[in-house]
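**Q** I would like the atomic coordinates for the input below:
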Amino acid sequence: MSTAATGSIEPALGRSGVGRALREIAALLELAGGQKFRVRAYLHAAESFESLKEAAFETLVRERRLVEVPGVGTAIASQVETLALHGTSTTLDKLRASMPAGALELASIKGMTRKRIEALAAALDVDSIAALEAACEAQRVRTVAGFGAKTEAALLAAVHARAAEATATAPRLILAEATEEAEAFTAFARACAGVVEVAVAGEVRRGVEVVDRIDVVVAASEPARARTELA
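**A** Residues are numbered from 1 along each chain as shown. As a prediction, this is how the structure comes out:
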């Protein structure tokens, strides 16, 4: 965070970015089997900061008055100040480092516990839902200790169910609307710390008349920081 001559500040993360980071901490704590009251505390704090106006958030950070936000104690206030200043925190970095790549994404699949995520990451380098789907379809999951054909089939069915649910609930857009949203996100992403290149991909790039999903490819010199801002 820097202070300009006018006294305004430019946080590494604004209130929404801090909210996303706090939610990620809560999700990682839950996946790690952390105490439920800590998970709830981070989720409550995320809601509190997301409800603030950006100017009010910046003032609280600048004046170090974050503990005045309802439900925020000194420990979380310290976390938020660090997140706002640097875009990450020791707690978030340690939690991320304690989990395999893609752990939160994989945890959204029914039946994917931390133990299973770690086992598949170690044995098959599964680090995403797409990688899990490919491993199941190739019948490689069943070869990992603790898994079998039935578990493999159940996980594949869960992947397909999640995809179907996402497709059913996702709004479809005409190309002009999708292009406008893609351009708005691209402009936002380019302004985020650590992002070096952004490109529209998928159906929008191909000019499909009715778009089911908007794909944007982002390259970053600081992936962890960019992921926090863009999540």
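
**Q** what helices or strands is the host helix or strand of G17 leaning on?
**A** Taking DSSP states H and E as the definition, G17 sits inside helix 15-31. For helix 15-31, the elements it packs on are helix 36-50, helix 54-62, helix 74-86, helix 90-98, helix 103-107, helix 223-230, judged by 3 or more Cβ pairs under 8 Å, 6 or more residues apart in numbering; DSSP states H and E. Where C-beta positions appear, they are placed from N, C-alpha and C, glycine not excepted.

**Q** how about stretch 130-150: buried residues?
**A** Across stretch 130-150, burial judged by 16 or more other Cβ atoms under 10 Å covers 131-133, 135-136, 140-141, 144, 147.

**Q** give me the contact list for that stretch.
**A** 102, 106, 109, 112, 115-116, 119-120, 123-126, 151-153, 155-156, 159 (Cβ atoms under 8 Å, 6 or more residues apart in numbering).

**Q** just stretch 214-227 next, same as before
**A** 12, 87-88, 93, 96, 173, 178, 181-182, 185-186, 189, 192-205, 230.

**Q** helices - which of the residues you listed land there?
**A** 93, 96, 178, 181-182, 185-186, 189, 202-205, 230 (DSSP state H).

**Q** quick one: buried ones out of those?
**A** If we count by 16+ other Cβ under 10 Å, the ones in helices among the contacts of stretch 214-227 have these buried: 96, 178, 182, 185-186, 189, 202-204, 230.

**Q** point out where this structure drops to low pLDDT.
**A** In the predicted model, the chain carries pLDDT under 70 at residues 1-11, 167-171, 224-225, 227-231.

**Q** and with 50 instead?
**A** Along the chain, the parts satisfying pLDDT under 50 run over 1-8.

**Q** quick check: longest helix of it.
**A** helix 149-169.

**Q** give the buried residues for that helix.
**A** Result for helix 149-169 [16+ other Cβ under 10 Å]: buried residues 151-152, 155-156, 158-159.

**Q** if we can go back for a sec, and the helix holding G17, C-alpha only, in PDB?
**A** Extracted as PDB, the C-alpha positions of helix 15-31 are listed here (Å, rounded to 0.1, in the frame of the first residue of the first chain):
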ATOM      1  CA  ARG A  15     -12.200  -4.800   0.400                       C
ATOM      2  CA  SER A  16     -13.400  -7.300  -2.100                       C
ATOM      3  CA  GLY A  17     -10.000  -8.800  -2.600                       C
ATOM      4  CA  VAL A  18      -9.500  -9.000   1.200                       C
ATOM      5  CA  GLY A  19     -12.900 -10.700   1.500                       C
ATOM      6  CA  ARG A  20     -12.000 -13.300  -1.100                       C
ATOM      7  CA  ALA A  21      -8.700 -14.000   0.700                       C
ATOM      8  CA  LEU A  22     -10.500 -14.400   4.100                       C
ATOM      9  CA  ARG A  23     -12.900 -16.800   2.400                       C
ATOM     10  CA  GLU A  24     -10.000 -18.800   1.000                       C
ATOM     11  CA  ILE A  25      -8.400 -18.900   4.500                       C
ATOM     12  CA  ALA A  26     -11.700 -20.200   5.900                       C
ATOM     13  CA  ALA A  27     -12.100 -22.900   3.100                       C
ATOM     14  CA  LEU A  28      -8.500 -24.000   3.600                       C
ATOM     15  CA  LEU A  29      -8.900 -24.200   7.400                       C
ATOM     16  CA  GLU A  30     -12.100 -26.300   6.900                       C
ATOM     17  CA  LEU A  31     -10.400 -28.600   4.500                       C
END
